[in-house]
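Novice: need a 3D model of the sequence below.
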Amino acid sequence: MAPLPPPEPSRLLETTASLDARKLRFEVNRVVLPMGLEGTFGIIRHPGASLAVPVLDDGRVVILRQYRFAVAARLLEFPAGTLDEGEDPLTTMERELQEEAGYSASRWDPLGAMLPCPGYSDEVIHLFLARGLTLLDERPPGDDDEDMEVLLMQPAELDALIASGDEPLDGKSITAWFRARQLLGF
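Specialist: Modelled structure (predicted):
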């Protein structure tokens, strides 16, 4: 996978407002863009995240149906989580796969990084393919606000859902699935 392009930072003149939320910070900044334009821009500062496409030895995919309050709906998503400060993306993903899906993995293949909302956020999501899965006897406790169901799907079933739009998937999961399919050869 190609690395993210090198940064071409704008020049920060001042931060005029900021608001800290649970895992992110919203800032309003006066900046000079690399092309010379000066303006005020809002940005969501995010510590980064990891996501895994877990695939069982029989080829079925482990995916979650998770409630997301921002859209007041349940979405299909692969297990993912926010990086703790100073945490390696793979360490985050190993923890989240156990907490959210109840599996551990013995093989991790990087699928590169993605920028889900670069128009207003600096979030980077590190994508992985998780294989050699083992179902845990007991899932470690996750976040209190997580409301999710673990599903097992055949790849063709997931492809059909994506193509039909009958059940919504988030963009990071669709991107990760596309990249994982390239490694899996289907």
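
Novice: outline the domain layout of the chain.
Specialist: 11-45, 49-184 (automatic domain parsing).

Novice: gap between the two ends of the shortest one?
Specialist: End-to-end span of domain 11-45 (C-alpha to C-alpha, to the nearest Å): 16 Å.

Novice: check the longest one too.
Specialist: Distance between the two ends of domain 49-184: 23 Å, counting by C-alpha to C-alpha.

Novice: ok, back up a step: same list (the domains of the chain) but as CSV, adding distance to Leu4.
Specialist: Using the backbone N, CA and C atoms, a C-beta is placed for each residue, glycine as well. Putting the domains of the chain into CSV (distance: least, C-beta to C-beta, whole Å) gives the following:
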stretch, distance to Leu4
domain 11-45, 16
domain 49-184, 6
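
Novice: got the contact list for the longest helix along the chain?
Specialist: Counting residues, the longest helix found in the chain (DSSP state H) is helix 171-184. If you take C-beta atoms under 8 Å, 6 or more residues apart in numbering as the criterion, helix 171-184 is touched by 1, 51-53, 55, 61, 63, 76-78, 80, 109, 111-112, 114, 116, 125, 127, 129, 155, 158, 162.

Novice: and stretch 20-34, by the same measure?
Specialist: 8-19, 38-47, 82.

Novice: same check on stretch 45-52?
Specialist: 23-27, 78-85, 89-90, 92-93, 96-97, 105, 108, 121-130, 172-173, 176.

Novice: end-to-end on that stretch?
Specialist: Stretch 45-52 has an end-to-end distance of 22 Å (C-alpha to C-alpha).

Novice: buried stuff in the helix or strand hosting Phe41?
Specialist: Taking DSSP states H and E as the criterion, the element that holds Phe41 is strand 38-45. Buried residues in strand 38-45, counting neighbours by 16 or more other C-beta atoms under 10 Å, are found at Ile43.

Novice: and it, how far out from the chain's middle?
Specialist: Distance, stretch centre to chain centre, for strand 38-45: 23 Å (C-alpha atoms, centre = their mean, to the nearest Å).

Novice: same check, this time on stretch 23-43
Specialist: On the basis of C-alpha atoms, centre = their mean, the separation between the geometric centre of stretch 23-43 and that of its chain is 24 Å.
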